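Q: turn this into a structure:
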Amino acid sequence: TAIRRPSHYKSTNSADLLWGDDANERMSSYVSVGGTYQAPYYTTGATFEPSGNASPSDGSDLPDYVTFCLDCHQYAQSDPERSGATVKAIDWSAERHGAVQANNDGCSGDGGEGSTKAPYTNPDANYVLSCTDCHEPHGTDRRLHLIRRFINGQDIGADTETCGQVADYVAICETCHNVPHPDRGSCVAATCHGHGGTCAGGGSCLNKPCF
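A: I've put the predicted structure just below:
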């Protein structure tokens, strides 16, 4: 579905009326970080999002939601759950699923991204994800509901939250990753994804504190 970028709302340029309607506004063309976009499975091992067809599989039918979402989320946003609090700004250049070179992310001993599941099987691809591959685009005021219920062709269970218990991380991460990585014990090991962050729901955060 073509959408309109928030930064284009006041534009009178006809080219700004829709985002994702042109070939250069699709995830398949999001190569500014030197990576590859691979659409996740719609049904495991058969068809791909968003169309549910066998092709295309490269995201050439999916709008560039990274650019769309970062119109707002490159800045801190107000949090409807917690009065006076904010949702932290997203630094896409520092995200493992964004502009960070996932194939060589500095986490020694795990082979970069580790062992990934189909369709993410090219070890040299440096896969970049669309925000909507794992997240719901708003539509709820509860943070845990912003995690998709269905990721890469798999039902991950109700109310799974990335800032909850370690078991919740595994349910989400294992849709694309074989965990633990070789020579590693846990997704949230302090030397890798954990970094000592503690979330409201308990457990450790991936990469850095969530809020």
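
Q: so is Ile172 in a helix, a strand, or just coil?
A: helix (DSSP: H, G, I helix; E, B strand; the rest coil).

Q: report the contact partners of the residue nearest to Trp19 when sequence neighbours are not counted.
A: Residue nearest to Trp19 in three dimensions, not counting chain neighbours: Arg5, with 4.6 Å by CB to CB, 6 or more residues apart in numbering. All C-beta spots, glycine's among them, are computed from the backbone N, C-alpha and C. Contacts for Arg5 were tallied using CB atoms under 8 Å, 6 or more residues apart in numbering; they are Asp16, Trp19, Thr67, Phe68, Asp71.

Q: which residues in the protein form strands?
A: 36-37, 41-43, 47-48, 77-78, 86-87, 127-128, 150-151, 154-155 (DSSP state E).

Q: could you give the mean pLDDT of the fourth one?
A: This points to strand 77-78. The pLDDT scores in strand 77-78 average 81.

Q: picking up where we left off before, can I get the contacts of Arg5 in CSV with distance to Met27 and neighbour count?
A: Below are the contacts of Arg5 laid out as CSV (distance: CB to CB, whole Å; neighbours: other CB atoms under 10 Å):
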residue, distance to Met27, neighbour count
Asp16, 19, 14
Trp19, 12, 21
Thr67, 10, 18
Phe68, 10, 23
Asp71, 16, 14
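
Q: what is the nearest of these to Glu174?
A: Within the contacts of Arg5, proximity to Glu174 (CB to CB) peaks at Phe68, which comes in at 27.5 Å.

Q: per-residue confidence for that closest one?
A: Reading off the model, Phe68 has pLDDT 93.

Q: quick one on the thing from earlier: look up how far Asp21 lies from the residue nearest to Trp19.
A: 12 Å (CB to CB, to the nearest Å).

Q: mind listing what Asn122 touches?
A: Thr36, Gln38.

Q: and for the one 10 residues further on?
A: Residues near Thr132 by CB under 8 Å, 6+ apart: Tyr65, Arg148.

Q: any idea how far Gly98 is from it?
A: 14 Å.

Q: ok, Thr43 next?
A: For Thr43 relative to Gly98 (CB to CB), the value is 26 Å.

Q: of these two, who's got more company?
A: Set Thr43 next to Gly98 and count neighbours by other CB atoms under 10 Å: Gly98 wins out with 18 against 12.

Q: in the protein, what residue spans correspond to helices?
A: Applying DSSP state H to the chain gives helices spanning 65-73, 166-173.

Q: wait, Asp16 sits on Pro6?
A: No. Using CB atoms under 8 Å, Asp16 is not in contact with Pro6; the gap is 11.1 Å.

Q: for Ser115, which non-adjacent residue is spatially closest?
A: Asn178 (4.1 Å).

Q: Cys173: how many residues sit nearby?
A: Considering only other CB under 10 Å, Cys173 is surrounded by 21 other residues.

Q: hmm, I typed the wrong one, I wanted Ala2.
A: Ala2 - counted by other CB under 10 Å - has 11 other residues nearby.

Q: for it, give me its contacts.
A: Leu18, Trp19, Gly20, Asp21, Pro63.

Q: cool, thanks, talk later.
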